[in-house]
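Student: here's my sequence, what's the structure:
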Amino acid sequence: LGMPMEGGIHNGYYDNFGFAVDLNEAGDRLVASSLYGDLGNGTESGFVQAYEFIDGEWQQIGSSLQGAGVNSHFGVKVAMNATGSRFLVGADSGAGAIYVYEEVDGDWQLLGQELLGSELGINLMYNGTIDKIGNTIAFTQYTGPQGTYVYTLEDNMWLPKGTLVPLGGYCSLNGDGSILGVSRSNGGDGLARVYQFQTDDWVQLDDDISGDSGDYLGVSNDLNYTGNRFLIGAVGAGPSLTGATKVYINGNISYAPIPYLSDLPVISAGCSVESLDPPLAYNNNDDAIVGVTATEFPILESTTVIW
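Tutor: Below is the predicted model:
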């Protein structure tokens, strides 16, 4: 679709352009990062660019955003809201950092304050997400009391939304940021939970979702817009460890595998954690799953409950 957007070489190193990518709801805007790029702020400072599909080509929107300095690795994670007017950027230098940008008069401006792991007293994991509206973000930490933090925008400031959710790893939000999916693949089996914001804090919905032995369930996850379907990647599942996609649906009470849908084989055999991270996303009509492997983009569609 249009000409490819290609990276380059900076200071003798490939810049890994496309390390992290996300699309808006319509699919006509995207944000992409160059983890090792250097546009003037130092080796591996990283940069992020946003594009819009106009007249059959991808055209850059606004200026490029750069990491603060050497080894900032700005763009280790990116996530865009539904309209493409806001996006989140993660950086993994030091204790990590989270930034959110908003389009203003054709350029990108920092929305609210930067969230620095050093100031929060935590070490941020290279993971974060933004809801479809763009007013709620979530991110995880990987040292100390591992968990997930959720922040909401109030008076141009990011403020905590509830207390620390006691599971860290990979996270996703539903459309309005009221439901949170969290998963962690450590330990071989893997673990996932779904939480809902009720009154003033996060409450777990139903029991833990656990993988089978060696599944590594939880290397990525995604919630649909309403938050009643939960998609989880399991790189160790399936024959010959080819990986599987597990889909759970919330009826009136619990999240449980959809009949005939509990294990969707990954199309390309021999997949690894790298090729499946992040592999999974719902489209915004909740009737298609996109799984990204190292070699292709298989799309699984359904008109009923069988994908």
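Student: give the pairing partners of whichever strand in the chain runs longest; include direction for each.
Tutor: The residue-count maximum for a strand in the chain (DSSP state E) belongs to strand 57-66. Strand 57-66 has the following strand partners under DSSP bridges: strand 47-54 (antiparallel).
Student: tell me the SS of Glu119?
Tutor: Of the three states, Glu119 takes helix under DSSP: H, G, I helix; E, B strand; the rest coil.
Student: how near is it to Gly90?
Tutor: 15 Å (Cβ to Cβ, to the nearest Å). The way it works is simple: take the backbone N, C-alpha and C, and place the C-beta from them, glycine included.
Student: what about the longest strand of the chain, average pLDDT?
Tutor: Taken as a whole, strand 57-66 has a mean pLDDT of 94.
Student: output the below-cut-off pLDDT ranges for the stretch 101-250 of the chain.
Tutor: Across the stretch 101-250 of the chain, the ranges flagged by pLDDT under 70 are 126, 142-145, 187, 238-242.
Student: what packs against the helix or strand Gln196 falls within?
Tutor: Taking DSSP states H and E as the definition, one finds Gln196 inside strand 191-198. Secondary-structure packing of strand 191-198 (3 or more Cβ pairs under 8 Å, 6 or more residues apart in numbering; DSSP states H and E): strand 179-184, strand 201-204, strand 209-210, strand 217-223, strand 229-234.
Student: quick check: which of those is nearest to Asn16?
Tutor: Proximity to Asn16, assessed across the helices and strands packed on strand 191-198 by Cβ to Cβ, is greatest for strand 217-223 (18.9 Å).
Student: and that closest one, what does it pack onto?
Tutor: When contacts are defined as 3+ Cβ pairs under 8 Å, 6+ apart, strand 217-223 packs onto strand 170-173, strand 179-184, strand 191-198, strand 229-234, strand 280-282.
Student: looking at the helices and strands packed on strand 191-198, which is closest to Glu25?
Tutor: Nearest of the helices and strands packed on strand 191-198 (Cβ to Cβ): strand 217-223, 13.6 Å.
Student: check which residues of that closest one are buried.
Tutor: Neighbour-count burial for strand 217-223 flags Leu217, Gly218, Val219, Ser220, Asn221, Asp222, Leu223 (criterion: 16 or more other Cβ atoms under 10 Å).
Student: circling back: minimum distance to Asp155: which of the helices and strands packed on strand 217-223 has it?
Tutor: Nearest to Asp155 among those is strand 191-198 (19.3 Å), distances taken as Cβ to Cβ.
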